[in-house]
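Trainee: Following is a predicted model, sequence given first.
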Amino acid sequence: MRSIKIGTRNSPLALWQAREVARNLQNNNYKTDITPIISSGDKNLTQPLYTMGITGIFTKDLDIALLHKEVDIAVHSLKDIPTQLPENLEIIAVLKRDYPQDVLVRKSTSKNKELHELKIATSSLRRRAFWAKHYPETEFFDIRGNVQTRLQKLEDQEFDATLFSLAAIERMSLSIEYEFLPIMISAPAQGVVAVTARADDADIKEYFKDVDHRETRICIDIERNFLRTLEGGCTAPIGAFAEINEKDEVRFIGRLCSLDGKQSIEIDEIFTWNDQDNFGEILGQKVLEDGGRTLMQEIKLHLQ
Ligand SMILES: NCc1[nH]cc(CCC(=O)O)c1CC(=O)O
């Protein structure tokens with residue numbers, strides 16, 4: 001049997017996620033081989049990128065490696081994968097979601113401040129807007145880089161706190177203090193590891209049939225269809241979280257917010273799932289009709 005070539009970005013979090021998928025495959029007696037893809041930019045392509053519909057900055061290089069058959073699968077944080085995949089690529093499996101929440105991490109010298117006093121470092125439109133909705137006087141700072149770099153910047157720079165995905169903290173086994181934030185709604189598909197592959201690779205798709213986690217798949221389909229319905233190719237402060245309760249119903253919470261957090265449209269619904277209805281689209285349409293269309297136009301104008 002061939003060894004399955006796993007493509008991944010080179011960050012510690014990405015490598016952890018790739019190893020997690022490898023562990024899953026090894027449990028089913030498949031051989032694996034992890035290939036970190038470092039470079040971005042030009043590879044010698046005969047076909048222009050735009051004709052392949054490649055958009056995501058985090059996923060682009062791995063999309064190309066897949067399409068060139070340099071790797072058999074790619075592993076990503078699903079929240080980094082655009083709602084529109086390049087032609088002939090598919091999400092063939094998602095792992096069980098564990099930690100979807102955003103959490104607050106303070107620097108050691110800011111432990112005693114009130115939430116509304118904190119200077120917050122985050123480059124996420126969603127995290128800024130949702131935070132500003134509750135604490136409108138907040139001063140925000142940009143922060144980029146992987147989890148470890150961001151923690152170092154937190155200690156070195158003038159801001160008090162930053163927001164992380166709890167999944168990232170757990171996966172990196174970081175022993176840091178964090179606080180849950182009921183004011184946040186996580187990004188669509190946050191906390192979920194996804195595997196992409198070529199849509200016509202029947203062997204690979206067969207290997208992953210048992211890996212795909214059904215409940216997670218149901219929830220992320222709703223969240224991503226909600227996002228796709230709202231955004232129309234533009235990034236905006238959008239939160240979406242679906243979960244299946246003890247009665248086998250789906251609870252969905254979603255939010256579209258203006259960039260400054262002053263206006264927001266919320267949705268909180270419980271429904272019985274079936275595979276005929278596109279609930280994500282139905283819920284997204286609801287938000288659009290409830291003032292979301294105007295809000296999205298304003299956001300697009302601001303971001304241009
Ligand atoms: N924004 C980058 C990013 N993409 C995926 C994760 C973490 C893993 C996940 O939540 O799926 C992170 C870091 C973060 O949000 O703090």
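Mentor: Now that the structure is in, tell me what you want to look at.

Trainee: for whatever residue of the stretch 151-300 of the chain ends up closest to the ligand, what are its contacts?
Mentor: The stretch 151-300 of the chain approaches the ligand most closely through residue 165 (3.1 Å), counting by Cβ to the nearest ligand atom. In this view, the C-beta of every residue, glycine as well, is placed from N, C-alpha and C. Shown here is residue 165, whose contacts under the criterion Cβ atoms under 8 Å, 6 or more residues apart in numbering are 79, 99, 100, 101, 102, 103, 186, 187, 190, 191.

Trainee: dump the residue contacts of residue 231.
Mentor: Contacts were defined as Cβ under 8 Å, 6+ apart; by that measure residue 231 touches 83, 238, 296.

Trainee: Give me the phi and psi for the single nearest residue of the stretch 1-150 of the chain relative to the ligand.
Mentor: Going by Cβ to the nearest ligand atom, the ligand is nearest to residue 77 of the stretch 1-150 of the chain, at 3.4 Å. Phi and psi for residue 77, reported as degrees, to the nearest 10, are phi -70, psi 130.

Trainee: Kindly report the residues of the stretch 101-250 of the chain close to the ligand.
Mentor: The interface of the stretch 101-250 of the chain toward the ligand, taken as Cβ under 6 Å from any ligand atom, is made up of 164, 165, 167, 168, 190, 191.

Trainee: got TSV for these, with secondary structure too?
Mentor: What follows is these, written out as TSV (DSSP: H, G, I helix; E, B strand; the rest coil):
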residue	secondary structure
164	strand
165	strand
167	helix
168	helix
190	coil
191	coil
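
Trainee: Same list, the residues you listed, but as CSV with pLDDT and distance to residue 273 please.
Mentor: CSV is the format used below for those (pLDDT from 0 to 100; distance: Cβ to Cβ, whole Å):
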residue, pLDDT, distance to residue 273
164, 96, 30
165, 96, 25
167, 98, 23
168, 97, 28
190, 97, 20
191, 98, 20
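
Trainee: Can you select the buried ones from these in PyMOL?
Mentor: Only the buried members of these end up in this PyMOL selection, burial being decided by 16 or more other Cβ atoms under 10 Å:
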select buried, resi 164+165+167+168+190+191
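
Trainee: Out of the residues of the stretch 101-250 of the chain next to the ligand, which is nearest to residue 264?
Mentor: residue 190 (18.3 Å; Cβ to Cβ).

Trainee: so the closest one touches residue 167, yeah?
Mentor: Yes: Residue 190 lies in contact with residue 167 (Cβ atoms under 8 Å); the separation is 6.9 Å.

Trainee: So for those two, which residues contact both of them?
Mentor: Between them, residue 190 and residue 167 share the contacting residues residue 100, judged by Cβ under 8 Å, 6+ apart.

Trainee: mind checking how far the host helix or strand of residue 225 is from the chain centre?
Mentor: With elements taken from DSSP states H and E, the one containing residue 225 is helix 214-231. Taking Cα atoms, centre = their mean, to the nearest Å, one finds helix 214-231 lying 11 Å from the centre of the chain it belongs to.

Trainee: need the next SSE after it, C-terminal direction.
Mentor: Along the chain past helix 214-231, the next helix or strand (assigned with DSSP H and E) turns out to be strand 238-244.

Trainee: partners of that next one, with directions?
Mentor: As defined by DSSP bridges, the strand partners of strand 238-244 come to strand 250-257 (antiparallel).

Trainee: Report the contact partners of the residue nearest the centre of the chain.
Mentor: In the chain, the centroid-proximal residue (Cα atoms, centre = their mean) is residue 79; its distance is 1.4 Å. Residues counted as contacts of residue 79 (Cβ under 8 Å, 6+ apart) are 165, 187, 188, 189, 190, 191, 192.
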